[in-house]
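make a model of this:
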Amino acid sequence: MIKMLTKRQKEVLQAIVRQYTTTGQPVGSKALVDHLAKKVSSATIRNEMAVLEHEGLVTKEHSSSGRVPSKLGYRYYVDHLLDPLSVTKNDLIVIQNSLGTEYQKIDEIVSHSADLLSNLTSYTAFTLKPEQKDARLSGFRLVPLGNQKVIAILVTDTGDVESQSFTLPRGIDTEAMEAVIRLINDQLTGLTLPEVVKRLVTDIPLQVTRHLHQPEGFLNIFDSVASRAAHERFFVGGRLNLLGFANQQNPAAVQELYALLDHGNNLQAILDPDDEHDISVRIGNEIADNQVLDDYSLITAKYQVDQYGEGIIAVLGPTRMPYARTIGLVDTFRRELAKRLLDHYRRYYDS
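Prediction:
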């Protein structure tokens, strides 16, 4: 339990965090003399730094007299001392112009957003498109590629197109397959994707057996495409940015970190905010029960697209990140992305 800090101790901690996240160098008392609202001596500042160190909010690096924030110090700063910076006019113009590009699909907007947010922050960014719970099936078809290979294409009423290539089981009758596709479209068009997935394990298999003696192969294909369209989709931008602040002396840790980004289930568990705030900041082991993320901070933000659902954007960077600027960027970005997606949905439905 941290004791109640005085106003000056809070100012000293705030100044240490700001200085260290800007320079990356331990902060000494002399460097803080000109950064406090009220003029005090460096000896007084050293005394306050000693108190902060005793409380576990800052630590001393080696024999240097300078201090660096601890994870507890960052946590206190984010919770009590941080004022998010408004984005610059130039940043806002970059965001608006980049999101103003014409896109054909929601996935294109959300995927590009991950790259754009990564470029703005210089960290690794994640975007999750709005939930597809209310999206409805508009149509399904198979396009033959030869040698038993097909592309399965599923279209929703929100304009999203999900496609995957498959190899058909040998011996499937082409005419019977066409009959099953007509059955799927007749029975399932207009249903929400979760309803479609549910029907695939209730009455649809029995109906398909009227046309195919062994329907498992086809049903597996359709179920795979429908399930993928129904579930959350993550996009990652700036993977290589991790190398800028990862521990290069530990290749195994870097490899483990990259493996984490390649598994959707792991990402979903990490990115899903567990609180009611629109923007959350998790530091070190607050992110996951995984030491590989111990030196990282994750800023996660929700964005609302009216009745079309809720999405998520996030930025993963070092604990030594400029929190005020990064949170300001994330907040502005989520608002502009929500506007852009809403425009896309409205144009699709009005066309």
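
hey, let's count contacts and neighbours off CA atoms from now on
Noted.

outline the domain layout of the chain.
Using automatic domain parsing, the domain parsing of the chain gives 7-81, 89-131+232-350, 137-230.

need those domains in JSON lines with mean neighbour count, mean pLDDT and distance to residue 1, can you?
Supplementary listing: those in JSON lines, determined by neighbours: other Cα atoms under 10 Å; pLDDT from 0 to 100; distance: least, Cα to Cα, whole Å:
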{"stretch": "domain 7-81", "mean neighbour count": "17", "mean pLDDT": "90", "distance to residue 1": "8"}
{"stretch": "domain 89-131+232-350", "mean neighbour count": "18", "mean pLDDT": "84", "distance to residue 1": "17"}
{"stretch": "domain 137-230", "mean neighbour count": "17", "mean pLDDT": "84", "distance to residue 1": "44"}
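
is residue 155 in a bridge, and if so with what?
When assigned by DSSP bridges, residue 155 has beta-bridge partners residue 139, residue 161.

I'd assumed residue 138 was in contact with it.
Yes - checked against Cα atoms under 8 Å, the pair residue 155 and residue 138 is within contact range at 5.4 Å.

check which helix or strand the most centrally placed residue in the chain maps to.
When the chain is reduced to its mean C-alpha position, the nearest residue by Cα atoms, centre = their mean turns out to be residue 126, at 3.1 Å. With elements taken from DSSP states H and E, the one containing residue 126 is strand 124-128.

residue 119 too?
When secondary structure is defined by DSSP H and E, residue 119 falls within helix 106-121.

one more: residue 15?
helix 7-23.

export that helix to CSV, keeping only CA atoms.
What follows is helix 7-23 as a C-alpha-only set of coordinates in CSV (Å, rounded to 0.1, in the frame of the first residue of the first chain):
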residue,chain,number,x,y,z
LYS,A,7,1.8,17.5,-3.8
ARG,A,8,5.5,18.0,-4.3
GLN,A,9,6.2,14.2,-4.3
LYS,A,10,3.6,13.8,-7.0
GLU,A,11,5.2,16.6,-9.0
VAL,A,12,8.6,14.9,-8.7
LEU,A,13,7.2,11.5,-9.8
GLN,A,14,5.4,13.1,-12.7
ALA,A,15,8.6,14.9,-13.8
ILE,A,16,10.7,11.7,-13.5
VAL,A,17,8.3,9.8,-15.7
ARG,A,18,8.1,12.5,-18.3
GLN,A,19,11.8,13.0,-18.4
TYR,A,20,12.6,9.3,-18.5
THR,A,21,10.1,8.5,-21.2
THR,A,22,11.5,11.3,-23.3
THR,A,23,15.2,10.7,-22.9
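
run through who's touching the helix or strand just after that helix.
Scanning forward in sequence from helix 7-23 by DSSP H and E, the next helix or strand is helix 29-32. Applying Cα atoms under 8 Å, 6 or more residues apart in numbering, the contact partners of helix 29-32 are 12, 15, 16, 42, 43, 45, 46, 49, 66.

so who does the fifth one touch?
Contacts for residue 43 were tallied using Cα under 8 Å, 6+ apart; they are residue 29.

again, but for the third one
Applying Cα under 8 Å, 6+ apart, one finds that residue 16 lies in contact with 27, 32, 67, 68, 69.

hmm, which two among the residues you listed are most spread apart?
Spanning the widest gap among the contacts of residue 16 are 32 and 69, at 14.2 Å by Cα to Cα.

just the helices in the stretch 251-351 of the chain please.
According to DSSP state H, counting those that start in this stretch, the stretch 251-351 of the chain carries its helices in the segments 251-261, 264-271, 323-350.

looking at those, which is closest to residue 173?
Set against residue 173 and scored by Cα to Cα, the helices of the stretch 251-351 of the chain come closest in helix 264-271, at 35.4 Å.

can you lay out the helices of the stretch 251-351 of the chain as a markdown table showing distance to residue 210?
Formatted as a markdown table, the entries for the helices of the stretch 251-351 of the chain read as follows, by distance: least, Cα to Cα, whole Å:
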| stretch | distance to residue 210 |
| --- | --- |
| helix 251-261 | 43 |
| helix 264-271 | 36 |
| helix 323-350 | 37 |
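
nearest to residue 224, of these?
With Cα to Cα as the measure, helix 264-271 is the member of the helices of the stretch 251-351 of the chain nearest residue 224 (15.3 Å).

returning to what we had before: so how far is the helix holding residue 15 from its chain's centroid?
Taking Cα atoms, centre = their mean, to the nearest Å, one finds the center of helix 7-23 at 29 Å from the center of the full chain.

residue 179 versus the residue nearest to residue 180 when sequence neighbours are not counted, what's the distance?
Spatial nearest neighbour of residue 180, chain neighbours left out: residue 208 (6.2 Å); criterion: Cα to Cα, 6 or more residues apart in numbering. Residue 208 sits 9 Å away from residue 179 when distances are taken as Cα to Cα, to the nearest Å.

go on, residue 139?
For residue 139, the distance to residue 179 under the criterion Cα to Cα works out to 14 Å.

next, the angle helix 323-350 makes with the helix holding residue 15.
Taking axes from the mean of the first three to the mean of the last three Cα atoms, to 10 degrees, one finds that helix 7-23 is oriented at 70 degrees with respect to helix 323-350.

hmm, residue 47 and residue 9 touching each other?
No - counting by Cα under 8 Å, no contact exists between residue 9 and residue 47, whose distance comes to 9.6 Å.

which residues touch residue 326?
Counting by Cα under 8 Å, 6+ apart, residue 326 makes contact with residue 121.
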